[in-house]
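In: Sequence first, predicted model second:
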Amino acid sequence: SLDLTQLKAVMPEGNAELGAIEKDLGDPALNEPLAQDKKRYAAYIRSLALQLPTVKEDDEEAVWQSLVSRQNFERKSEAPQATMCRMKIVESLEQAPEDWTENDYDDSTWTETTLPISWHLNHTALFRAPFEITDKRAVKALRLRQWAFRQEDMQVFMNGKLIAKISASGSGGKEIVIPLDDHAMKVLKKGRNTLAATYKNTWRWGRYTRSPETLRSSSVYNHGVHLTLEMQQKD
């Protein structure tokens, strides 16, 4: 009975065998057996469903504190103040200064800026952002938030150690959250730390001069690149 509709769709109209089947199924005496047949079929279909393990979602009320922040163009009063970063543009990562990701590297000659930002096509940007940790033992977890449009070779470092490699962003342009593992927790230290990152722009020209224009989100192409670091404290 469950396949009658399919049979009607593939068999010629007026077929004698199909007519006989349809007549037999119309017998009131078959109502109860047919109902049981439908229940058995439904149970069988449910048994074939993919059983996925239950994934515990992060507590929506968990508090994340910003360590490295971006410029918030919506001017929300609760938004953290943007971290002042240092930026250097090179043609390729091979031209980056030696030890540029280290915590004690002298970046005083680099350009001061805040994120988000964009820059020249097919050029690589190097970023350095300082942040402070008063008590490492109080840190429960770390995560990155990133927005990138048409970027490649994305790498993030903390105190000279690689903590994340991120796939090419393509043209989707969306924010992603990247939980950091125990390696990042070990690299973190009390006092001054440095988050460093590198991106290669693969789409059009961008701007990297700071001016009153940067108060508008349109001042960077497709929202440019922004990277933030957040921490969750232990209870």
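Out: Okay, I see it. Numbers count the residues shown, from 1 in each chain.
In: what's near enough to touch the one residue sitting closest to the centre of the chain?
Out: When Cα atoms, centre = their mean is applied to the chain, the residue found nearest the centroid is residue 176 (1.8 Å). If you count contacts by Cβ atoms under 8 Å, 6 or more residues apart in numbering, residue 176 has them with 145-147, 166. From N, CA and C alone the C-beta is placed, and that goes for glycine too.
In: 7 Å instead, please
Out: By Cβ atoms under 7 Å, 6 or more residues apart in numbering, residue 176 lies in contact with residue 146.
In: Now do the same for it: its pLDDT.
Out: On pLDDT, residue 176 comes in at 89.
In: cool, residue 218 as well?
Out: At residue 218, the predicted lDDT confidence score is 43.
In: List the residue ranges of this structure that fall below the pLDDT cut-off.
Out: 1-11, 41-42, 44-61, 73-79, 169-173, 204-223 (pLDDT under 70).
In: before we move on, back to that, any idea which element the residue nearest to the centre of the chain lies in?
Out: Taking DSSP states H and E as the criterion, residue 176 maps to strand 175-179.
In: and the nearest residue to residue 91 once chain neighbours are set aside, how far is that from residue 191?
Out: Of all residues not flanking residue 91 in the chain, residue 123 sits nearest, at 6.0 Å (Cβ to Cβ, 6 or more residues apart in numbering). Plainly put, residue 123 is 33 Å away from residue 191 if you go by Cβ to Cβ, to the nearest Å.
In: With neighbour numbers in mind, choose between these two.
Out: residue 123 (18 against 9; other Cβ atoms under 10 Å).
In: pretty sure that one is in contact with residue 92, am I right?
Out: No. Between residue 123 and residue 92 there is no contact under Cβ atoms under 7 Å: 8.3 Å.
In: Can you report how many residues lie near residue 21?
Out: 17.
In: Name the SS class of it, please.
Out: helix (DSSP: H, G, I helix; E, B strand; the rest coil).
In: How about the contacts made by it?
Out: Applying Cβ under 7 Å, 6+ apart, no residues contact residue 21.
In: Verify the stated contact: residue 229 with residue 144.
Out: Yes. In this structure, residue 229 is within contact of residue 144 by Cβ under 7 Å, at 5.9 Å.
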